[in-house]
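Chemist: Give me the fold of what follows.
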Amino acid sequence: MEEDSSSSTTAGLSNVSFLERTLERLSSTKCLKIQSEEAAPVAVILLQRYLSEQTEEQPESYSYDVTVTDGVWRAKCTLHQSLNHLVHTNILKTGSDIGITQCSFVYNERRLGHGYICVEKLRCGVERSAVLPHVKDVSSLPMLVKHGMERSVELYSDVPLKVSRKHYLSLWNNDDPEGDIWTSASPSSDTVLDVSKITLLGSLESSFRNNWKPLPLLVKIIHKARLRYYGKFGLKIDYPYQAYFEVADQSGTMSLVLWNELCPEFYQRLNVGTVLYLQNYSLKQSYSKRSHPQMDHHRLKTFNSVEICLNPRNPVSVITVVSQKSVLPQWGLPEVSYQFTTRSELEKLSKNSACDVICLVTFVGRVERVKSKCNKGPDKYWTYRWIHAVDGTSEQPFILEVFSSSQPEVFSGICPMTYLVCTQMRVCQVEGSSLYLTSSCETETFITGHHKGQPYVSDPKVKSFIQWTKTLKDNVVLQKTAAGGYYCYPRPPQVYTQSMVDTPAQAPLVAVADLKKELETLQYREHKKLAIQGQITAVRYTKCPKATESKGTEEDEGPVVSADVCEPTESTAEQTLVSSLTSSPAEKISANSRKRRNKTRFDLTPVLLRPALRHTEDKQEQEEEDSDSDPEQVQDLETPLQLPNQDQDSDVLSWESSSWPKQRQEVSEHLNQGGLFKDSISQRFTFDDKDMLLQQSNLQATRWTPENTADTIPPVACPGYYQVTILGLNKQIAVDAAFFPVVSSDEPRAVGLTQDPHGNTMLSCLSSGFFCPLSDTANHSEVTHPEPEEVLVTASELEETHVVCILDLCHLGGDQVEVLISRVYRVTEVCLD
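Modeler: Now for the predicted structure:
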């Protein structure tokens, strides 16, 4: 970009550009800080993260640069650390408008001609931007720069404004390449290589401890691991990355490590099957604690005592990527081999075995994050998603837990109806659930559009799979597809065991008081599985309607975002029914009233999540008066449910224990995040809605593009859910959680579910997670499930029953925190290890 076009001196824009007026005010003020209550909206078009400089004033692990536009200029600013939580919860996000109410200009006193705007306070507006629809090409807008700082590269380049850092990290994990520094299109070398003086891998082990000058290596990559970012506070390395590869020649295989700034230059160019000519490498003793791919199928000798290191300095390694047309057969390099396993063969594999799979995706879950358990260095998260896929060899699909493998374009593009290849997946078996496959550090994924040129395309099982797909009809397969929604696997075991050993299906038991902190510290799309113990004191059933778009409200320090949560309401005519369920659970409901309720349909209205602490009726009434929302659209989760008028389409039934009316007045806190959100429900996949469904199930984008402005997601279909109130054993804190039972074998959550028969009582449904038997619409089997009122009639067995509840928590963005019951155990089903 030319400096003249980026200068802030262009005439005639001051009357229309909020950003230019702001920079002019910052330049003229003596305190370098301004406030504005009437801030014009600016759109967030780029959010970028990097490791902070840890100081007493900067306790946060990461810092953020935010690029905004007012439709005339772009401005790259840094975000004050007090606003980081807005990014952590996806309130501040690309594609939305904000109002900058306080900002300052920060000069870099250690460098001439460098400074930047720091956003200190802001307001978050509505979900959809009012600025961006009027911008044809955001990248063509000039960058706003203070006069005299036009030569400051950081203001234009893809590097952090705080010049102590040289690169950005991916917004939601640390292991995906992020930014322009990662190159992938450099051409391979066609130069003639002198292979007369090369050495073989087999001779390196004996040469390791001798005074030895390395001879060139000619090797082929047979495995590639994901990137590892090892940056931490105080580490004086500009690009702290590491990547492992397994390379082979005619003598065997050995590990190769790519270090630091060689990773941005070469990582995306080095793929399985790539041939390398290596010079000036070094050797070091192998790191014993790292994972290794399973390579028995290669039938090559493995040299694992030393590993090859490629360094940017001391010595400067020379890496030549040899083009495929220059590779000669006489070099004797081994062919890349795979161990593809069909679904019908999967049951024969032992736990932790490795295999490769090729399959047709039928379900793809939303991307979630889990916090790394490593205590060293800054916090970091893994990103993953659950996938179902078929290959025609079994009635059962593959169940895949796929973690991001430093292939962000592929990972975010996984959708139903695509052909998926996953390499080096590991077999996992948990009691009470069907086996599944999970990623290893060496897993790579490929989808339709990325298979060309991969070595596996000639594998016999891949060819067989392609032949099978030619027999399929898209309209038939589409009927069995789904995307997004709540999905958690494996299922909790039959017996809950409190153990110090961490297992995939075991949830740690926490005090109900600690649950509040867990909910408050949860970050965007972070998933946690926890167990609490107590008593179920109330259950409410409501149908789940269409979700409407969130409408944001504004504050000085941050936003209060409305939540698309399904909240229960209750008609006056049904209060007698609810009363009878509460006082006499054994009574049956008349067929006429059941028929009337079955015909009911209603729409969702936006609900503001309000403070959970409730003590008196006066406080409840005061909070209703203070709310900006229509009182008919906001339901207090702790007060008896009422419907303002009988014409509103709604349907709510409830039960509560005999002691709950008194206990609810005595609890010190009621955590009422429970409720079913539209993002909790998976949706049928269609090609017309592909972009919208992908955007909804993927993480919030780092960069805004016009493609990110999706239309409204189609209404979700949901048969209904139960909202369960759990009172802690000490009867001080209560928590609401949603129970969303599986009702059909067509649901993704039904796959791998142990369908032991039960009586469809409230407790047996909570314990099993499903209605028995499941309906099967694909085979047109007619199954009559009990009506909600019939289920609630049986809830009296919950009275004074000590239970352990497994909760799945997931932050969906904004103020939407999903709290769902995965399973309920009676204390007779609990044991101590």
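Chemist: Surely V357 is within a strand?
Modeler: Yes. Following the definition DSSP: H, G, I helix; E, B strand; the rest coil, V357 is counted among the residues of a strand.
Chemist: Distance check, the most far-flung residue of the chain relative to its centre against F739.
Modeler: In the chain, S196 marks the outermost C-alpha relative to the chain mean, sitting 50.5 Å out by Cα atoms, centre = their mean. Distance from S196 to F739, counting by Cβ to Cβ, to the nearest Å: 72 Å. Glycine gets a C-beta too; all of them are placed from N, C-alpha and C.
Chemist: Then K232?
Modeler: Taken as Cβ to Cβ, the spacing of K232 relative to F739 amounts to 42 Å.
Chemist: the more surrounded of those two?
Modeler: More crowded of K232 and F739, by other Cβ atoms under 10 Å: F739, with 23 against 14.
Chemist: For beta bridges, what are the partners of that one?
Modeler: Beta-bridge partners for F739, by DSSP bridges, are Y722.
Chemist: correct me, but E60 touches Q81?
Modeler: Yes. With contacts defined as Cβ atoms under 8 Å, E60 counts as touching Q81 at a distance of 4.7 Å.
Chemist: Now for those two: what residues contact both?
Modeler: When contacts are counted by Cβ atoms under 8 Å, 6 or more residues apart in numbering, the set common to E60 and Q81 consists of S52.
Chemist: Go ahead and name everything in contact with stretch 401-415.
Modeler: Contacts of stretch 401-415 from elsewhere in the structure, counted by Cβ under 8 Å, 6+ apart, are 170, 173, 175-177, 226-227, 243, 267, 361, 364, 367, 382-387, 420, 422, 428, 436-439, 443-447, 449-450, 483, 489, 685, 690, 693-694, 698-699.
Chemist: From these, which land in strands?
Modeler: Applying DSSP state E to these, the entries found in strands are 243, 361, 364, 382-387, 420, 422, 428, 436-438, 445-446, 483.
Chemist: Now restrict those to buried residues only.
Modeler: Using 16 or more other Cβ atoms under 10 Å as the burial test, the ones in strands among the contacts of stretch 401-415 include 243, 361, 364, 382-387, 420, 422, 428, 436-438, 445-446, 483 as buried.
Chemist: Could I get the buried residue list for stretch 28-45?
Modeler: Burial within stretch 28-45, assessed by neighbour count using 16+ other Cβ under 10 Å, is assigned to 34, 36, 39-45.
Chemist: Tabulate the residues you listed (CSV), appending secondary structure and distance to E797.
Modeler: As requested, the buried residues of stretch 28-45 are arranged in CSV below (DSSP: H, G, I helix; E, B strand; the rest coil; distance: Cβ to Cβ, whole Å):
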residue, secondary structure, distance to E797
I34, strand, 64
S36, coil, 60
A39, coil, 57
A40, coil, 60
P41, strand, 55
V42, strand, 57
A43, strand, 55
V44, strand, 51
I45, strand, 56
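Chemist: which of those lies closest to T497?
Modeler: Using Cβ to Cβ, the shortest approach to T497 within those belongs to V44, at 46.4 Å.
Chemist: what's the spacing between the closest one and P706?
Modeler: Distance check for V44 against P706: by Cβ to Cβ, it reads 15 Å.
Chemist: which residue ranges form the strands in the stretch 701-833 of the chain?
Modeler: Counting by DSSP state E, counting those that start in this stretch, one finds strands in the stretch 701-833 of the chain at the ranges 718-728, 733-739, 742-744, 770-775, 802-813, 816-826, 830-832.
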